[in-house]
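[1] Here's my sequence, what's the structure:
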Amino acid sequence: MTEQSADLRETVRRRYAASALKVTEGGTSCCGPEPVEVDGNFGGALYAADERDALPAEAVAAALGCGNPTAVADLHEGERVLDLGSGGGIDVLLSARRVGPGGKAYGLDMTEEMLALALANQKKAGVTNVEFLKGEIEAIPLPAGTMDVVISNCVINLSTDKPAVFAEMFRVLVPGGRIGVLDVVSDDGLTPAQRAERGDYVGCIAGALSFAEYRDGLSAAGFTDIELAPTHAVADGMHSAIVRAVKPEMACSGMGDTTGSTAVAPATSCGCWTVPLRPGR
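    Residues are numbered from 1 along each chain as shown. Next comes the predicted model:
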C-alpha cells in the first residue's frame, strides 16, 4: 500500500469512527439519537419507514449509505450474507431478518467504534443469527466459497484497491452466488480529476469508479451477468447505483481456505471449490 493510500484509509477510518461516537456519545433529541449529518442522498431516510421502525434508533442514526442493499440483493430464507463495511449494523440486522434463523448475516468493518456500535445495536434488536468481524474489505477474513450473497452500501468507492475488493467478493462467494451492492458511480465521461472536483474521498465522491470501470473491474474478477443501474444523482454526473453480478456456477477462485475453520475442499488443480448449493438455488 502506498503512503497516499494509507493516509486515505486512515482519513476514512477517522471519519467513520467520529460518526459512530456521535451516535453513541453525542446529543439526543426527544425521539432518539441525532442522526449523523448527511444530505438527502445518503442515510437512514433511504430505508422504508417500517424497516426503520423495526430497528434500534442508533442503527438508523448511524446509517451513511446511499440506498438499501438488502432489497437490491433479494435475500432468501437460509442464505448466508456478508455486508462489506457494515458500520452501525443496519444492513446486517435487516439481512438477518430476511434470511431467517436458518441463515446468517455477517458484517465486516475496520473501525472499532463502528463495530462496538453494531454489537450494541444487535443486542438491542435481539437478533442472534449475526456475526460482526473486524477487517478490511480488501482482505476478507472468511474462507473461500462460504457466502451466498455479498452486499455493501456505498463503501466500495472508499477503497483504494478496488480490484482487490472485487477479487475478495468473488473468492468468498459460492459458485452461483451473487452480489447486491449500492455504490456511488460516475458518468463515463468524467475524469478522476473531475470526480474529485465534485466531492472529497471520504464523502464517497472522489474515489468512485465510472460505470465502465466498475463493469470492467467486476468482469476481470470473474463475475458475469453484471448490471449497473443508477437510482438518483448525488452530484453532477455522479450517481447512487445498484450493482448486481453473479459468480458462475463453475468458477475458479484461485485461493485456498486459509482464514477460517469452514471445510471447503478443492475440486480441481485450477483452484475451483466444490460447495453444495442450497435447496432451490
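[2] Next, the contact list for Val181, please.
    Pro69, Val72, Val150, Ile151, Ser152, Asn153, Ile156, Ile242, Val243, Arg244 (C-beta atoms under 8 Å, 6 or more residues apart in numbering). In this view, the C-beta of every residue, glycine as well, is placed from N, C-alpha and C.
[3] so what's it bridging to?
    When bridges are called by DSSP bridges, Val181 pairs up with Ser152, Val243.
[4] again with Phe132
    If you apply DSSP bridges, the partners that Phe132 bridges to are Gly107.
[5] Please put the alpha-carbon coordinates of the helix or strand hosting Val234 into PDB.
    Here Val234, judged by DSSP states H and E, is contained in strand 224-235. Taking Å, rounded to 0.1, in the frame of the first residue of the first chain, the C-alpha atoms of strand 224-235 are listed here in PDB:
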ATOM      1  CA  THR A 224     -20.900 -12.500 -15.000                       C
ATOM      2  CA  ASP A 225     -24.500 -11.100 -15.500                       C
ATOM      3  CA  ILE A 226     -23.200  -7.700 -14.500                       C
ATOM      4  CA  GLU A 227     -25.900  -5.000 -14.100                       C
ATOM      5  CA  LEU A 228     -25.400  -1.300 -13.100                       C
ATOM      6  CA  ALA A 229     -28.400   0.900 -12.800                       C
ATOM      7  CA  PRO A 230     -28.400   4.500 -11.400                       C
ATOM      8  CA  THR A 231     -31.000   5.300  -8.800                       C
ATOM      9  CA  HIS A 232     -30.500   9.000  -8.000                       C
ATOM     10  CA  ALA A 233     -27.900  11.700  -8.500                       C
ATOM     11  CA  VAL A 234     -25.600  12.600  -5.600                       C
ATOM     12  CA  ALA A 235     -23.600  15.200  -7.600                       C
END
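[6] what's it in contact with?
    41-42, 66-67, 182, 184-185, 198-199, 204-205, 211, 214-215, 218-219, 239-248.
[7] Narrow those to those in helices?
    Judged by DSSP state H, helices contain the following of those: Phe211, Tyr214, Arg215, Leu218, Ser219.
[8] State the distance from the last one to Gly237.
    What that stands for is Ser219. Look at Ser219 and Gly237: by C-beta to C-beta, to the nearest Å, they are 23 Å apart.
[9] Between these two, point out the one with more neighbours.
    More neighbours surround Gly237 than the other of Ser219 and Gly237, with 16 against 13 (other C-beta atoms under 10 Å).
[10] which residues touch the residue lying closest to the more buried one once chain neighbours are set aside?
    Of all residues not flanking Gly237 in the chain, Asp187 sits nearest, at 4.2 Å (C-beta to C-beta, 6 or more residues apart in numbering). Each residue near Asp187 by C-beta under 8 Å, 6+ apart is listed here: Ser210, Phe211, Gly237, Met238, His239.
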